[in-house]
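Peer 1: Predicted model, plus sequence, below.
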Amino acid sequence: MADEKELRYDPATIEQKWLERWAADPKLYAAEPATSNRPKYYVLEMLPYPSGQLHMGHVRNYAIGDALARQMWMRGYNVLHPMGWDAFGLPAENAALKNNTPPREWTLANIAAMKRQMLRLGLSYDWATEVATCLPEYYRWNQWFFLRMVEKGLVYRKKSKVNWCPECATVLANEQVVNGCCWRHEDTLVEQRDLEQWFLRITAYAQELLDGLDKLDGWPEKVRTMQRNWIGRSEGTEVDFGLEGSPKKIRVFTTRVDTIFGATSVQLAPEHPLIKEFAASDAKLKEQVEKLLEEQRKAREEGDVGAIEKHGVPTGRFAINPYSGERVQIWVGNYILMDYGTGAIMSVPAHDERDFEFATKYGIEIRQVIQPVQDKDGATLLPFCSEDGVLVNSGEYDGKTCAQAQKLLQESATLQGFGEAKVIFRLKDWGVSRQRYWGTPIPMIHCERCGLVPVPDEQLPVILPERIEITQQGGSPLGRVPDFVNATCPRCGGAARRETDTMDTFVDSSWYFYRYTDARNTKVPFDPVTAQYWFPIDQYIGGVEHAILHLIYSRFWTKMMRDLGMIKNDEPAQRLFTQGMVIKDGAKMSKSKGNVVSPDDMVARYGADATRMYALFAAPPDRDLDWQEDGVAGVSRFLGRVWRVVTKHAQLAKSASARAAAPNGRDLRRTPEGNPTEVKLRRKLHQTSAKITQDFTGRWHFNTCVAAIMELVNELQNADAQLTSGEVSAPAVGELLRTLVLLLAPFAPFLAAELWEELGEDGAVLRAPWPTSDPELAKEDEIEIPVQINGKLVNVVKVPAGSDAKGIEAAALADEKVRSRTAGKNVAKVIVVPGRAVNLVVK
RNA sequence: GCGGAAGUGGUGAAAUGGCAAACACACCAGCCUUAGGAGCUGGCGCCCAAAAGGCUUGCGGGUUCAAGUCCCGCCUUCCGCACCA
């Protein structure tokens, strides 16, 4: 009875044993220093927010990274595989309100819990480099970078309209507004408020951030496209229209200055300063403008901007076209945005769809000034928006192509001083102020005499006070801590007030991966030499939801650090992989859908190996993954078969004769010899290892890697009798089982460690060399060739491997079925693809 | 509206232009008994009683000796962007 239990694969016991062993060996997953003679490989998974619970999306993300890291170790690389915590942020404050737990305590407890879960999963992180962004040892460097950016003129403060989430009671960056709602509160509409804010000048890098995308060919095209759209570069012209009866000018931005002779009105945004001016002396206009503004706000908040019906009112004022001197009405329109371009446009109804719609509605003149190159004679269907035409009704510019006219008009504007060529970006500067407690204090001091004064480096870190009452009232919580607020001005020594806003948490995650390379440095954020050894990251892995936020900020930060002379690389990550979502019952796993599967449950029932391996087996990593518990059970049963087949024959594999003939299973004869089963099994083995290596290095289809291991194990199982009887030689058994375990190691590290030991091997399987495949042994000696007649499959013939076209053709023509089908017919042509197929063209 | 990805058995999926459905899950039949979330054997796209045969990768065309794969048009689903002047 007692022995029987041992015949069962028991993941709980095996995994517990190895957890203890690994815990006793903290250097197991440590990278070698930069002096290592192995090639470096930096594999990184996006650091999680410490919510306290891993979810399946994390498990999938980390299973992918871990399989890669382990395989790279086995292939001889010096691997850096770190993990950390994106530990600042609002949930800690909410938890404090709810449970009366200090944010720091709550966060650290969550980190401890999630770390336990990660350890339980057997993830190969070097915890010596662990980083938690909420600790002063980390966030002091956020402050340090902030000061460097102040010096570089990359920080400024301005009062501006900002996105305000009433739920978070704080400001959001543009990137954090999703469909008009808060990215953390999908149902909470974002409001616009006027506030003094700190901004980072990310737009200084707009062009470089855009250009760099072309070189990031290791990034998914999807992410690059999203970033391009977000940066939104647009080439055009700025032109000053005159304001009738005033020396003032109205500057408009247009990408189609060639259509300017067709401008029949000028449209201003409701928030345009001139509109305010007009409205001041015109109560009726004021009322109308407010209505337009309200419509615009509503549409923006509903995320339905494109669908809003265009409205506008004439202001009664007129603008003067600087090229023609023509006088056109000035309107205010609800479809004009103040925060793009100049907040003013020239309206050319004949050549712009929106302007056309507007003009049609209000009976504004529609004047064609571009004649399409095609259908020169017939009436043009307006609006005609293509640039494939020539100018008409445009004075001296008539007959020019659109491109020629744009150039000439720009030159003329520059010459006469009423305009110029201009490139504008949709990307806005990064507002980093947050009126929250649990974040990095912004290291600035407000002095009544000296103004804004940076905190000197030697006074860093500006420590976030820990004893603080979290309340729900608005405004920065730090403002209610006198010990924090009251400061001495570093410049004049007088009494001053400390800045009470904290930094956006995306600052934390913009550079954390550099800190990993030198995580305990107390002098500088990281040692440049060490960082240069590891950077750029060879493979970054995470969810596509960070395509714009985190990934654009990180690129900016890297360029900024490069310009500080701290690093040499222009981009943080060479390759980026975005894994698919974890789905259950047709929907993304989420608490609100009630379809969450707990990783702890899975690990408890099936073990960490089975849980991780299922996450890799059920779909290729870039696709969405449908979580089916039966599938996990299936993988667990498979691991049981592996366990049985290896333990059953382990004695033979490590027998004296097997070792003597083939230490490590490596020196076996390199030509296929032995009894047919042995030849067949070794062939399958070498085919499997070739396939896995290929799928691993090439296209990252871990699901087919796992399937290949399953096929191998199925063959071993089918040959159980021959293995038991000794028909297969001991050295061959040794090679088979050892290699199987090595191939399994990146996917099921616990079982691999256990079986590696079972096979009598010392040392970590992680440090054993990755199996190489011998093409000679992998080669089939007979292959099946499908024979088609007119493209239809008729039969399959066997020919010796390496048969030439002639031999294959002969075999095909000799086949019974083929002969009966071709009898009495004319075989017009025979196409032979050696090793692949034969097709007979029969008439 | 624009851009991207995807559409293959009951399910997850596989297939350098060359035998569609590997590997699994579920299901069915049988064996085993320590009655388990265990193990083993076999079956499992559709039509046909079976065999023979035929049909089959969202729909319609095309290229090719040969198309799930390449090209054109359409449909559906998901994702991103969306008055960006």
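Peer 2: It's in.

Peer 1: near RNA strand B, which residues of the stretch 201-350 of chain A show up?
Peer 2: Residues of the stretch 201-350 of chain A lying near RNA strand B by Cβ under 7 Å from any atom of the strand: A:221-222, A:225-226, A:229-230, A:232, A:234, A:236, A:253-256, A:269, A:296, A:299, A:305-310, A:334-338, A:340-343, A:345. Heads up, the C-betas are built off the backbone N, CA and C, glycines and all.

Peer 1: Narrow these to those in helices?
Peer 2: Those of those mapping onto helices are A:221, A:222, A:225, A:226, A:229, A:230, A:296, A:299, per DSSP state H.

Peer 1: what number of residues lie near the last one?
Peer 2: In terms of burial, residue A:299 registers 18 neighbours under the definition other Cβ atoms under 10 Å.

Peer 1: which residue packs closest to it, ignoring adjacent ones?
Peer 2: Nearest residue to residue A:299, sequence neighbours excluded (Cβ to Cβ, 6 or more residues apart in numbering): residue A:308, at 3.9 Å.

Peer 1: can you tell me which helix or strand residue A:446 belongs to?
Peer 2: Following DSSP states H and E, the helix or strand that holds residue A:446 is strand A:444-447.

Peer 1: Each with direction, which strands does that strand pair with?
Peer 2: strand A:451-454 (antiparallel), strand A:495-498 (antiparallel) (DSSP bridges).

Peer 1: and residue A:12, what element?
Peer 2: Using DSSP H and E, residue A:12 falls within helix A:11-23.

Peer 1: Show me what that helix is in contact with.
Peer 2: Residues outside helix A:11-23 that contact it (Cβ atoms under 8 Å, 6 or more residues apart in numbering) are A:28, A:119-120, A:122, A:606-610, A:636, A:639, A:749-751, A:753-754.

Peer 1: Make a ChimeraX selection of the buried ones in those.
Peer 2: Buried residues within these, by 16 or more other Cβ atoms under 10 Å, are selected in ChimeraX with:
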select /A:120,122,606,607,608,609,610,636,639,749,750,751,753,754
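
Peer 1: element containing the residue nearest to residue A:610 when sequence neighbours are not counted, please.
Peer 2: Distances taken as Cβ to Cβ, 6+ apart place residue A:636 nearest to residue A:610, at 3.9 Å, with adjacent residues excluded. Assessed by DSSP H and E, residue A:636 sits inside helix A:629-653.

Peer 1: elements contacting that helix?
Peer 2: In terms of contacts (3 or more Cβ pairs under 8 Å, 6 or more residues apart in numbering; DSSP states H and E), helix A:629-653 is packed against helix A:599-606, helix A:608-617, helix A:702-718, helix A:720-725, helix A:730-744, helix A:749-758.

Peer 1: Now do that helix against helix A:702-718, angle only.
Peer 2: Put simply, helix A:629-653 runs at 50 degrees to helix A:702-718, going by axes from the mean of the first three to the mean of the last three Cα atoms, to 10 degrees.

Peer 1: In helix A:629-653, which residues are buried?
Peer 2: A:631-632, A:634-636, A:638-640, A:642-650, A:652-653.

Peer 1: Next, the angle from it to helix A:730-744.
Peer 2: Angle, helix A:629-653 to helix A:730-744, by the same axes, to 10 degrees: 150 degrees.

Peer 1: ok, residue A:487 touching residue A:499?
Peer 2: No: counting by Cβ atoms under 8 Å, residue A:499 is not a contact partner of residue A:487; they are 9.3 Å apart.

Peer 1: joint contacts of the two?
Peer 2: Common neighbours of residue A:487 and residue A:499 (Cβ under 8 Å, 6+ apart) are residue A:445.

Peer 1: who's more crowded, these two?
Peer 2: residue A:499 (23 against 19).

Peer 1: which ones are touching the residue of chain A found nearest RNA strand B?
Peer 2: When scored by Cβ to the nearest atom of the strand, chain A has residue A:634 as its residue closest to RNA strand B, at 2.6 Å. Counting by Cβ under 8 Å, 6+ apart, residue A:634 touches residue A:614.

Peer 1: picking up where we left off before, deepest-packed of the strands paired with strand A:444-447, please.
Peer 2: A comparison of those by mean neighbour count, using mean count of other Cβ atoms under 10 Å, puts strand A:495-498 on top with a mean of 17.

Peer 1: Would you mind measuring from the residue nearest to residue A:610 to residue A:688?
Peer 2: Distance, residue A:636 to residue A:688, using Cβ to Cβ, to the nearest Å: 21 Å.

Peer 1: quick revisit: so the helix holding residue A:636 versus helix A:749-758, what angle?
Peer 2: 10 degrees.

Peer 1: how about the helices and strands packed on helix A:629-653 in TSV, adding distance to residue A:778 and mean pLDDT?
Peer 2: Output for the helices and strands packed on helix A:629-653, formatted as TSV (distance: least, Cβ to Cβ, whole Å; pLDDT from 0 to 100):
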stretch	distance to residue A:778	mean pLDDT
helix A:599-606	33	94
helix A:608-617	23	96
helix A:702-718	12	95
helix A:720-725	20	89
helix A:730-744	12	93
helix A:749-758	22	96
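
Peer 1: In JSON lines, list the ones you listed along with distance to residue A:150.
Peer 2: Output for these, formatted as JSON lines (distance: least, Cβ to Cβ, whole Å):
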{"stretch": "helix A:599-606", "distance to residue A:150": "43"}
{"stretch": "helix A:608-617", "distance to residue A:150": "45"}
{"stretch": "helix A:702-718", "distance to residue A:150": "46"}
{"stretch": "helix A:720-725", "distance to residue A:150": "71"}
{"stretch": "helix A:730-744", "distance to residue A:150": "53"}
{"stretch": "helix A:749-758", "distance to residue A:150": "47"}
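
Peer 1: closest one to residue A:208 among those helices?
Peer 2: Closest to residue A:208 of the helices and strands packed on helix A:629-653 is helix A:702-718 (Cβ to Cβ; 35.1 Å).

Peer 1: what helices or strands is that closest one leaning on?
Peer 2: Here helix A:702-718 touches helix A:608-617, helix A:629-653, helix A:676-697, helix A:730-744, going by 3+ Cβ pairs under 8 Å, 6+ apart.

Peer 1: among those helices, which is nearest residue A:195?
Peer 2: Of all the helices and strands packed on helix A:702-718, the one in closest proximity to residue A:195, counting by Cβ to Cβ, is helix A:608-617 (43.7 Å).

Peer 1: Tell me the first helix or strand C-terminal of the closest one.
Peer 2: strand A:625-626.

Peer 1: tell me what that next one is packed against?
Peer 2: strand A:582-584.

Peer 1: Which positions in the strand it packs on come out as buried?
Peer 2: Applying a neighbour-count criterion of 16+ other Cβ under 10 Å, one finds A:582, A:583, A:584 buried in strand A:582-584.

Peer 1: isn't the last one right up against residue A:597?
Peer 2: Yes: contact between residue A:584 and residue A:597 holds when scored by Cβ under 8 Å: they sit 6.4 Å apart.

Peer 1: shared neighbours, these two?
Peer 2: Applying Cβ under 8 Å, 6+ apart, one finds that residue A:584 and residue A:597 are jointly contacted by residue A:627.

Peer 1: list the buried ones in stretch A:265-281?
Peer 2: A:265, A:266, A:267, A:268, A:269, A:270, A:271, A:272, A:274, A:275, A:278, A:279.

Peer 1: Adding secondary structure and distance to residue A:739, write the residues you listed out as CSV.
Peer 2: Output for the buried residues of stretch A:265-281, formatted as CSV (DSSP: H, G, I helix; E, B strand; the rest coil; distance: Cβ to Cβ, whole Å):
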residue, secondary structure, distance to residue A:739
A:265, strand, 77
A:266, strand, 76
A:267, strand, 72
A:268, strand, 74
A:269, coil, 69
A:270, coil, 72
A:271, coil, 70
A:272, coil, 72
A:274, helix, 77
A:275, helix, 76
A:278, helix, 81
A:279, helix, 80
